[in-house]
Every structure is written in C-alpha cells, then in structure tokens.
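**Q** got a predicted structure plus its sequence, pasted below:
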Amino acid sequence: MANKKKAAKKSATTIKKSLKSTPAKPAKKIVSKKTVTVAKKSSPKATNTKTVKNKKTNPAISKKTNKVSMATNKSAPEFILIGQNAKALFSLKVYRGEGMALLAMNWLNGKPTDDFVGFAIEYQEPGKSKFYPISNRLSFLNNDGNVNPNIKSSRLSPIQKFRWVHFPRNANMDGDFIYRVTPVFMDKTEKLSYGDFQEVAIQLHSETYPGELNVTFTRGFVASQAFADKFQADGGIPALLPATAKDGLTFVPTHPAKDEAYEWMGFEARRAILDLLDAAIKDTTADVRVAAYDMNEPEILSRLVQLGNRLKIIIDDSKDHGDANSAETQAEAQLVLSAGRGNVQRQHVGTLQHNKTIAISGTVQSAVGGSTNFSMRGFFVQNNNAIIVHGAEPVKLFFAAFDNLFNNINKPAGFGASDSAKFVSLNLPSVNAKIAFSPHSANNAMLKHIADDLNTTTSTLFYSLAFLNITPGPIRNGIKQLRENPGMFVTGLADTNVDDLSLQLPDGNKPIIFPGALLQNVPEPFKTEATGGKGVRLHHKFLVIDFDKPEKARVYMGSYNFSSAADLKNGENLLLIQDQRVAVSYMIEAMTMCDHYEFRNLQANAATAQKRLFLRMPPKAGEKPWWDASFTDAAKIKDRLLFGAL
C-alpha cells in the first residue's frame, strides 16, 4: 500500500525487543474526486513497555499433561501494553483478548485541535513485513453531500473513536501482531496529513495460560455487517442452521461457504472443544465424561459416538428436551448404541441439568466448563464462553462432580451434600481459580457469597447475564446499587431489556444493553442483518469485577445463571478466577458486545435512530468537532480515561 515502506523482516524475538518505525513517503490519494495529500511526520524508534509481566508456567506442566491447543506459546502472553513514542500527541494502550485486541487512545495534553479527524489503525501479521489498514465502513461525504457506500482504509477514512476492538482476519497465527495507530488531520482544503504514530506488539492466538487454562469465546455476531458481507448471500442463515432445534442432528447445510461460516461463527470456543474431543478419540487410554443440556450439534455427537464405551454422559430431559422427537432424545438413542445403556443417563436434577461440561482423563487431562451448549445455536448464534483447564487435579474435580450427579439422579439434596457442591481450588500452578458445582444445599449455597463479593467492587463492573430480566434477587440488586455509585464504571448486557437497569444515569453509567439487529431504521451505508432465528442470542453468564486492579481483578463465570434455581435446583458449574489476565479477556468480550449492540438498540428506537452515518470533517463556525463528546459527556469521559489514560 502507498504511504508506507515495508519494514525489514524480523524474527518475533527481534520484534519484541525493538519495533523500528520507518517514515512513509509522501503520496497522493484520490478521495471523493478530491486530491488528498498524505504527509507523514518522522517518528523515532517505537518500543513497547509491558505493564504486566508474564507469569511463567511451571516447566513440569508439559511433562504431566498433554496440552491440546493449536497455539504454540509456552508462556502466558502479555495482556496490557503501551506505545512508547514520546513524540506522539496521544497515548496507546492495547489490551489482549482471545483472538481480538482492544485499542484505547487518549490525547495527552488537553484536547485535540479542531483539524483532528480521527485515527488510522494498521496491523502487521506475525512474521510479515506489510501493514494492513483496518477498514472503516464510514467515510466522509462525497462532493455531492452523499454517503459513500464503499468501505475504505482507515488511513483515508479514519476511526472517529478513542477505543476500538479489532478481530484480525488471521487471528490464529502464532507470534506478535503489531498495531500502528496514527492521528489524522484535515486542513481547510480537505487535505489529510498524519502525525507521529504509536506502535505495540501483542500475541492474540495463544493459550491464556499454556497447559493450565484457556479462555475461549464463540463469535456470537450473526446480526452484524460482517456476517451480511460474508454469508448473507447464497441462502444466509436458513442455509446454515435448522429452523427448529429438533432438526439439528439431521440438518444438511446447503450454503456453499458452510465450512468457512461455521469456523467464523464458532470462533475459538468451537475449535478448542472439537480439538479436545479429537484428542480424546486418539488417546485410547482416555475416559470421557459429558454433562449436556442442549445437544443437537452433529460434529459433537459424531465425536462422542466414536468414543464408544469410554464415554459416560448425562443429557437433560426437562421440558421439550424429554420429548420423543427432541434432538436430545435422538442423541440418546445413538449414544446408547455406541456407549451402552448403562453409560447414558437422562435426568433434570431438581429442575434442569444445565451443565455443559466435558472431562477427559487419560494421557490427555483436560476439562471444559462455561456457558456454551453443545448445540447449533450454542456454537453459531449465541454469545458464549468456554473455559478449558488442563491437569490431573482439575480433571478429578470434574469427574467427581459427574459421578455425584450420575449417582444422585434427580436428587438435588444428595448432590448438595457432596464435596462437589463446595467451592474448592482447581489447583492450577499459575492461576488462582476455584470451582463449585450445583445444586447446593442451604449450607454451601453460593448466591449470597457472590452478592457479598459484588458489593466489595471498588472501580469497575462488567456483566453479561442471560435471563437477568427474569432473575430478581441479590445480583441484580447489587448491579443496580453499583450503577448508582458515581465513582464506579458499570456496564453490561442481558438477553433482553431490564427495566430497573434501563436508564442513563447522570454520572455516565449507561443503560443495560441487549442484542439487536438492523432490521428497520437501517442507516446508510449499512445493510439489513440476520437475527439467527428464534431464541436467546446472548447466553453468557459472567461478572468481571475490578479488571483494572491487578490484585483485585476477578471473574465469575460458568453455566450458573446467578439465580436461586441455579444455586439450589439445577445442575450447574461456577468458576471464580482471580486473575487480571483472565479479567481483561472477559472485559474485552463485554465491551465488544456493548459496542455492537448499543448501536443497534439506538437504531431500533425511532427517536434515536439515524438515517445515515458518515465521518465528520473539521467543524465550521458554530459546530463542534467529532471528538467533543469524549471530553464533555460524562459517559464518554469515563470510558476514554478508564481504558486509555496512562
């Protein structure tokens, strides 16, 4: 691409030590029939300061466990990094997510000048020399005052935000991605020029804690412009997903790009779970235990069948799951043939067998917990997460919980009296993580303890809680109280609106956000989006507390819906991970969803919907610059300073 010299090839190790910036040559670009002169100021050597040091994994782990991952990193990746170009007018902090990165910029001295029109964001893939500009769907209006429908490079259509989450197209590459962020200016003749940039190198495709713990997410964005661009043609959702859950196991996709679509939609969680099952199949010493709620994903079932009698499984039989033609009953029939009747159990505990767990014990020692159902919607439509832990100690806990559930069919009191209902350490060498399985008894119930911990929040709370609108109680009350504290940054989502959390507060804490799609009031240059069919789209159950406090950051997550039923009646898993690296990953997932769905919530309301979206040029007399709200609006000020301030 013009305006950049290709950097000399360097090894990943060299890149980590020093990122040498090469000034770009002046060039000319044509934008909307107007000549835009591109000028680049020289920059000194740019390096990274790593604000959080690696916790090295225990060398014995690789000898005692069989790591199952596409990633090859042997130490935990850095997760908050800062650009170090002292000549730049702004600061850059990059936060590592799971296959994604959050970039936060903040102006260093006062406010920007009126001619500042946004940031150009570029990235370089590991081991490569070329920088790719991030594209922007929004552009400046053309000569006729119309919206430009063409997606352009952010060097020509800069990002008019102080925070951006990026999903690299090849996020599964090992090594450092290098992000370069440059301020863009426009003069009175509408010519663009560029200031000094900041650079940061960061790993994205890697295990969160190699050989110990890996955080994974589904994509969850079928209601997006990206899905519309990639897969809406050739049949869209109907060509990829069954119309009803009961048809999942027999559904035959007709979309010509089905493999690419499933990989994109399922993201890291799908890949990681399928890889684990493939490893269990190959490891003939491995026994596997599965507790499933929804079960209509053919790739999962086919792998479970291949395990033969090394598999024991519990499948929920509550409500329509117990119907004779349900996918769960169909799965049961196939697994009875492959694993044996004695290894396949149906139950609903007290109300629901709501676990979604896999445990493998053999040469492979790994287990899966979280919110991701083994279903087409769970993988391909819903926002979900799965935690994968490795090692003999955590696997023993998962196996014990399975046995206690299997031996107490539909007996919550029996399971609640077992050790599996207690909150215990996962005994991971580098991560402070605990787990408890439901149902609990009154003596070891968790809900009040979680609410008490929530009330000790000191700075930030991010939450994503399915079914929060029908879950009154201490967690919702705690969120409401924290929102009303002007010193707190509180933001979150549920699967639908929650009335008592739906108001914008004067201190800047936003209303609750919930999934939406551009179906009406679709602004130029956007397209109408898919919804993914009937059912819940946001299915996470997590709380991220004080992510910005290294000694206090923690995450509650699992299948547990933070309700009395989840505590005392259902089969559930709940993890508490007291670790800032993990908290940052979940914070980024929360902010990605908030940014994505907040815009769609506003567009669904005729009073706040915009008819067209475009980039703002420098203000004329009586106008305000695009960035003004980030320095005057309470919510945007809190956001800019929380993520971007040094």
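**A** Nice, I can see it.
**Q** burial measure for Glu260, as a count.
**A** 12 (other C-beta atoms under 10 Å). (C-beta placed from N, C-alpha, C; glycine too.)
**Q** who are the contact partners of it?
**A** Lys230, Phe231 (C-beta atoms under 8 Å, 6 or more residues apart in numbering).
**Q** check the spacing between it and Leu574 real quick.
**A** In this view, Glu260 and Leu574 are 35 Å apart by C-beta to C-beta, to the nearest Å.
**Q** Ser441 too?
**A** 15 Å.
**Q** of those two, who's got more company?
**A** Per other C-beta under 10 Å, whichever of Ser441 and Leu574 has more neighbours is Leu574, with 25 against 17.
**Q** how much space between the more buried one and Asn142?
**A** 54 Å.
**Q** Ser338 now?
**A** Taking C-beta to C-beta, one finds Ser338 at 62 Å from Asn142.
**Q** helices of the stretch 51-200 of the chain, residue ranges please.
**A** 61-64 (DSSP state H, counting those that start in this stretch).
**Q** and the strands in it?
**A** 80-83, 90-96, 101-107, 116-124, 131-133, 135-136, 152-153, 163-166, 176-186, 192-194, 198-203 (DSSP state E, counting those that start in this stretch).
**Q** for the longest one, name the packing helices and strands.
**A** Packing partners of strand 176-186 (3 or more C-beta pairs under 8 Å, 6 or more residues apart in numbering; DSSP states H and E): helix 12-17, strand 90-96, strand 101-107, strand 116-124, strand 192-194, strand 198-203.
**Q** tell me which of the ones you listed is the most buried.
**A** strand 198-203 (a mean of 26; mean count of other C-beta atoms under 10 Å).
**Q** what average pLDDT does it get?
**A** Mean per-residue pLDDT for strand 198-203: 97.
**Q** what's it packed up against?
**A** strand 48-50, strand 80-83, strand 90-96, strand 176-186.
**Q** which of these comes out lowest on mean pLDDT?
**A** strand 48-50 (a mean of 45).
**Q** residues contacting stretch 482-500, please?
**A** Contacts of stretch 482-500 (C-beta under 8 Å, 6+ apart): 454-455, 457, 459-469, 476, 479-480, 501, 505, 507-510, 512-515, 536-540, 590-591, 593-594, 597, 638-639, 642.
**Q** for Ile314, give me phi and psi.
**A** phi -120, psi 130 (degrees, to the nearest 10).
**Q** touching, it and Leu405? I think so.
**A** Yes. Using C-beta atoms under 8 Å, Ile314 makes contact with Leu405 at a distance of 6.1 Å.
**Q** now do the shared contacts for those two.
**A** What both Ile314 and Leu405 touch, as defined by C-beta under 8 Å, 6+ apart, is the set Ala291, Gln347, Gln353, Asn355, Gly571.
**Q** return the residues in contact with Gly322.
**A** Gly322 neighbours (C-beta under 8 Å, 6+ apart): Glu328, Thr329, Arg346, His348.
**Q** roughly how far apart are it and Phe162?
**A** Distance of Gly322 to Phe162, computed by C-beta to C-beta: 51 Å.
**Q** buried subset of the contacts of stretch 482-500 as a ChimeraX selection?
**A** Filtering the contacts of stretch 482-500 down to the buried ones (16 or more other C-beta atoms under 10 Å) takes a single ChimeraX command:
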select :454,457,459,460,461,462,463,464,465,466,467,468,469,476,479,501,507,508,509,510,512,513,514,515,536,537,538,539,540,590,591,593,594,597,638,639,642
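**Q** out of the contacts of stretch 482-500, name the ones that lie in helices.
**A** Leu454, Arg476, Ile479, Lys480, Ala590, Met591, Met593, Cys594, Tyr597, Lys638, Asp639, Leu642 (DSSP state H).
**Q** and the residue nearest to the second one when sequence neighbours are not counted, how far from Gly220?
**A** Same thing as Arg476. Of all residues not flanking Arg476 in the chain, Leu468 sits nearest, at 6.2 Å (C-beta to C-beta, 6 or more residues apart in numbering). As for Leu468, its distance to Gly220 is 17 Å (criterion: C-beta to C-beta).
**Q** from the middle of its chain, how far away would stretch 411-419 be?
**A** 33 Å (C-alpha atoms, centre = their mean, to the nearest Å).
**Q** distance between the ends of that stretch?
**A** With C-alpha to C-alpha, to the nearest Å as the measure, stretch 411-419 spans 15 Å from end to end.
**Q** give me the residues contacting that stretch.
**A** In contact with stretch 411-419 (C-beta under 8 Å, 6+ apart) are residues 349-350, 400, 404-405, 407-408, 421, 437-441, 444, 568-569, 571.
**Q** now list the buried members of those residues.
**A** Buried among the contacts of stretch 411-419 by 16+ other C-beta under 10 Å: 349-350, 400, 404-405, 408, 421, 437-441, 444, 568-569, 571.
**Q** filter these down to just the ones in strands.
**A** Using DSSP state E, Phe437, Ser438 are the members of those that sit in strands.
**Q** just the buried ones among the contacts of stretch 411-419: which are in helices?
**A** Using DSSP H, those in helices are Ala400, Asn404, Leu405, Leu568.
**Q** pretty sure the second one is touching Ser420, no?
**A** Yes. Asn404 lies in contact with Ser420 (C-beta under 8 Å); the separation is 4.7 Å.
**Q** what touches both of the two?
**A** Joint contacts of Asn404 and Ser420 (C-beta under 8 Å, 6+ apart) are Phe437.
**Q** coming back round to it: between the buried ones among the contacts of stretch 411-419, which sits nearest Thr363?
**A** Using C-beta to C-beta, Ala400 comes nearest to Thr363 of these, at 20.2 Å.
**Q** please name the nearest non-neighbouring residue to that closest one.
**A** The nearest residue in space to Ala400 (C-beta to C-beta, 6+ apart) is Ser420, at 5.5 Å.
**Q** also Met557?
**A** Per C-beta to C-beta, 6+ apart, closest to Met557 is Phe542, 4.0 Å.
**Q** on contacts alone, who are the packing partners of the one helix or strand Asn214 maps to?
**A** Assigned by DSSP states H and E, Asn214 belongs to strand 213-217. Packing partners of strand 213-217 (3+ C-beta pairs under 8 Å, 6+ apart): helix 258-282, strand 385-390, helix 580-604.
**Q** most tightly packed of these?
**A** Ranked by mean neighbours (mean count of other C-beta under 10 Å), the helices and strands packed on strand 213-217 are led by strand 385-390, with a mean of 27.
**Q** what residues does that one touch?
**A** Outside strand 385-390, the residues that touch it by C-beta under 8 Å, 6+ apart are 61, 65-68, 211-218, 269, 272-273, 276, 356, 365-372, 395, 426, 428, 433, 540, 542, 557-558, 575, 577, 586, 589.
**Q** low-confidence ranges, this structure, go.
**A** Judged by pLDDT under 70, the chain has its weakly predicted residues at 1-71.
**Q** show me the domain layout of it.
**A** Recorded structural domains for the chain (assignment: automatic domain parsing) are 12-209, 213-604.
**Q** those into TSV, with extra columns for distance to Leu613?
**A** Listed next are those as TSV, based on distance: least, C-beta to C-beta, whole Å:
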stretch	distance to Leu613
domain 12-209	6
domain 213-604	5
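**Q** looking at these, which is closest to Thr632?
**A** That would be domain 12-209 among the domains of the chain, by C-beta to C-beta, at 9.7 Å.
**Q** from Gln334, how far off is the nearest residue to Trp107 once chain neighbours are set aside?
**A** With C-beta to C-beta, 6+ apart as the criterion, Trp107 has its nearest non-adjacent residue at 5.3 Å, and that residue is Phe90. For Phe90, the distance to Gln334 equals 57 Å [C-beta to C-beta].
**Q** hang on, the earlier thing: work out the gap between the strand holding Asn214 and the centre of the chain.
**A** On C-alpha atoms, centre = their mean, the centre of strand 213-217 falls 10 Å from the chain's centre.
**Q** could you do stretch 523-538 as well?
**A** 18 Å.
**Q** repeat for stretch 530-542
**A** That offset, for stretch 530-542, works out to 14 Å (C-alpha atoms, centre = their mean).
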